[in-house]
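Next input, structure requested:
(chains A and B)
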Amino acid sequence: MEQCESVEREVDKVLQKFLTYGQHCEQSLEELLHYVGQLRAELASAALQGTPLSATLSLVMSQCCRKIKDTVQKLASDHKDIHSSVSRVGKAIDRNFDSEVCGVVSDAVWDSREKQQQILQMAIVEHLYQQGMLSVAEELCQESTLNVDLDFKQPFLELNRILEALHKHDLGPALEWAISHRQRLLELNSSLEFKLHRLYFIHLLDTSHWAEICETFTRDACSLLGLSVESPLSVSFASGCVALPVLMNIKAVIEQRQCTGVWSHKDELPIEIELGMKCWYHSVFACPILRQQTSDSNPPIKLICGHVISRDALNKLINGGKLKCPYCPMEQNPADGKRIIF
Amino acid sequence: MAVQESAAQLSMTLKVQEYPTLKVPYETLNKRFRAAQKNIDRETSHVTMVVAELEKTLSSCPAVDSVVSLLDGVVEKLSVLKRKAVESIQAEDESAKLCKRRIEHLKEHSSDQPAAASLWKRKRMDRMMVEHLLRCGYYNTAVKLARQSGIETRPEALQPGRGQPAGRGAAGHGHAGLPAGHTHLPLQGPAGPGPVEDADPAVPVRQLPAAPAGEQLRVHPHPAGRPLGHKDACYKEDGSSRSPDCPVCSRSLNKLAQPLPMAHCANSRLVCKISGDVMNENNPPMMLPNGYVYGYNSLLSIRQDDKVVCPRTKEVFHFSQAEKVYIM
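Here you go, the predicted structure:
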């Protein structure tokens, strides 16, 4: 916020300067033109009468010339003075924003750039369909010569049709859809059909429920389709936005302190990125002893006492054929440990 | 929105992403300022020249007629100066206002109203997408998307094939006008000449980041695949652990994220497969005799006649057979 405000301050100053300069410029030139106009009128009348140029007029003329020169030169130099304010804007931007997005990804990660681009393009098309931007998606398919099969598109086309109707306050298509999917909606414990009927009756009295119904419909329809409400691309993008500065910082610190060893492990990020609880899609178990994520090759094991550690940790704790739980020193047989699946 | 971005996080991201958003209109401002200065200097020197001529004539007892005509010349030059000055100032003022509008848009990210903030995030994504599409050469799609998303562009700012800094300008019209910020794309128009250049140093763009910013859209899904806990779970052969909400499990991103590094998790986070809720002291993880773990609350909800059916293996157990597990 501070960054934006800092730049904004400079821009405001420049705008103010342009304003005052503009007004001043126009005004002084107006005055000058007016003054010269008057002089010219006098001269013209003198010309008409056939009188020669009088000494006073000549003097006034010279003064006028001087005045003109001074005024216009001042205008030019006043404008030049604004330059420093303008360049301060640029400096504020340079100071507050990073000009380089250093690559935190090495391109070598993918075998072929084209293939990667293609997959990305596909993801974008899917995202556009999900957002209801059908014409944009079509255009992209055309321009990138991607083929999207109809079965993929179909549900989105239908969803979109119903949503558009809802936006126009037409409950018909939504009701039809809800009735035809009644069984599955009930399995989901969804109250969509009820809400639609209710809205039908009360919408004449209370118009505040339309937004809610759109949301409910979208959520339930996506559940039925096995989709998430937010497209994968937008969630990824948002995570990337959170992760990028963190990773860049770490990279900078690593380079600065020259301890490149810290991020040599290409299989894992060096730091945890906080995305919030809604992004916990899968369970993660980190062994409390070895501080490592468990995996298929190193699964979590439940000991008899109920505590859970990774298999590698368990093996490390075996002493003379017996095992002592590190949390409640209960002796047990290593073989009694049970593999669990979250 | 699934991903929670705190104000501090948004601020950090802004710092990293939005340099071009502001720098491009600034460069335009600078350019116009210089053009204005040049115009004013030029017209001023014209005026000075005719005035000098007039002064010379005055010193040699001229006829009134010649003075009048010279004066007319002065008036004309002064009028030209006035006109040019007004035009130039208008142009530079316009570009300063564009800078201001963009900053105001950026400031929206920290708006108190959640609707405004999430609209901002959506526009941010659309901005990056338009950028990416332009870099790929999909000009029509980019324009359509920009229009539909309300990040209008001024037609002359988005010239294909001109090879000029085509920074996308802001819309002139009202709030919806949002500028997609970015650098110059020597865009290739629909039937343009030659291949699209990657917006690289190849482009004679003054002082703008060499980093192909289309990297941005590429870079984002990348770091993303990672923190999203791209884990074994997303890549199990039988797809048994797929979660419909997890982006890395989705078919398109699954392939994309595969070669990427995994997320780093120092602490356990357990999620119940039945409800998607977190398992902690309020919803303790319970292990069924087959080794599968679910949240206590979920087991309660699927309990029927004191029995539960494991959703993954379909085995039937007694509710009392579930054992509590302790996660430190």
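
Quick check: closest non-adjacent residue to residue 54.
With no chain named, the answer covers chain A. Nearest non-adjacent residue to residue A:54, counting by C-beta to C-beta, 6 or more residues apart in numbering or on different chains: residue A:46, 7.5 Å away. (Glycine included, C-beta is placed from N, CA and C.)

Switch to chain B, please.
The shortest distance from residue B:54 to any residue that is not its chain neighbour, by C-beta to C-beta, 6+ apart, is 4.6 Å, and that residue is residue B:70.

now the longest helix seen in chain A: mean pLDDT?
Criterion DSSP state H: the longest helix present in chain A is helix A:2-49. Along helix A:2-49, the predicted local confidence has a mean pLDDT of 89.

what is the mean pLDDT for the helix or strand following it?
If you walk from helix A:2-49 toward the C-terminus, the next helix or strand you reach (DSSP states H and E) is helix A:55-96. In this model, helix A:55-96 carries a mean pLDDT of 90.

do helix A:55-96 and chain B meet?
Yes - if you take C-beta under 8 Å from any C-beta of the partner chain as the test, helix A:55-96 does meet chain B, through A:58, A:61-62, A:65, A:68-69, A:72-73, A:75-76, A:79-80, A:82-83, A:86-87, A:89-90, A:93, A:96.

Correct me if wrong, but residue A:224 is in a strand.
No - Residue A:224 sits outside any strand when classified using DSSP: H, G, I helix; E, B strand; the rest coil, being helix.

I figured it hits residue A:187, correct?
No - with contact defined as C-beta atoms under 8 Å, residue A:224 does not count as touching residue A:187 (9.3 Å).

and residue B:323, how far is that from chain A?
7 Å (C-beta to the nearest C-beta, to the nearest Å).

Now for that residue: which residues touch it?
Applying C-beta atoms under 8 Å, 6 or more residues apart in numbering or on different chains, we find residue B:323 in contact with A:302, A:306, B:286, B:287.

Please check those residues and keep the buried ones.
Applying 16 or more other C-beta atoms under 10 Å in any protein chain shown to those, the neighbour count classes A:302, A:306, B:286, B:287 as buried.

pLDDT check: weakest of these?
residue A:306 (85).

quick one: the helices in chain A?
Remark: helices of chain A, listed N- to C-terminal, are A:2-49, A:55-96, A:113-131, A:134-144, A:150-167, A:172-180, A:182-187, A:192-202, A:210-225, A:232-257, A:311-317; assignment by DSSP H.

any chance of those helices in a markdown table, plus mean neighbour count?
As requested, the helices of chain A are exported to a markdown table (neighbours: other C-beta atoms under 10 Å in any protein chain shown):
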| stretch | mean neighbour count |
| --- | --- |
| helix A:2-49 | 16 |
| helix A:55-96 | 17 |
| helix A:113-131 | 20 |
| helix A:134-144 | 19 |
| helix A:150-167 | 15 |
| helix A:172-180 | 17 |
| helix A:182-187 | 13 |
| helix A:192-202 | 15 |
| helix A:210-225 | 17 |
| helix A:232-257 | 21 |
| helix A:311-317 | 17 |
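
Figure out which of these is closest to residue B:128.
Of all the helices of chain A, helix A:232-257 sits nearest to residue B:128, with 7.1 Å by C-beta to C-beta.

Do that closest one and chain B come into contact?
Yes - in this structure, helix A:232-257 sits against chain B according to C-beta under 8 Å from any C-beta; the contacting residues are A:232-248.

tell me what that helix is packed against?
The criterion is 3 or more C-beta pairs under 8 Å, 6 or more residues apart in numbering or on different chains; DSSP states H and E, and the helices and strands that helix A:232-257 contacts are helix A:113-131, helix B:7-17, helix B:114-136, helix B:214-219, helix B:221-225, helix B:251-257.

closest one to residue B:32 among those?
When the helices and strands packed on helix A:232-257 are compared for distance to residue B:32 using C-beta to C-beta, the nearest one is helix B:114-136, at 23.4 Å.

ok so, going back, let me know the angle separating the longest helix of chain A from helix B:7-17.
Using axes from the mean of the first three to the mean of the last three C-alpha atoms, to 10 degrees, the interaxial angle of helix A:2-49 with respect to helix B:7-17 works out to 50 degrees.

could you say what helices and strands helix A:2-49 packs with?
helix A:55-96, helix B:7-17, helix B:64-107.

mind putting those in CSV, distance to residue A:203 included?
Below are the helices and strands packed on helix A:2-49 laid out as CSV (distance: least, C-beta to C-beta, whole Å):
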stretch, distance to residue A:203
helix A:55-96, 49
helix B:7-17, 37
helix B:64-107, 35
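
Nearest to residue A:329, out of those?
Distances from residue A:329 to each of the helices and strands packed on helix A:2-49 were compared by C-beta to C-beta, and the smallest falls on helix B:7-17, at 42.5 Å.

next helix or strand past the closest one?
As assigned by DSSP H and E, the chain's next helix or strand after helix B:7-17 is helix B:19-58.

For that next one, name the packing helices and strands.
Here helix B:19-58 is seen to pack against helix A:55-96, helix B:64-107 when contacts are counted using 3+ C-beta pairs under 8 Å, 6+ apart.
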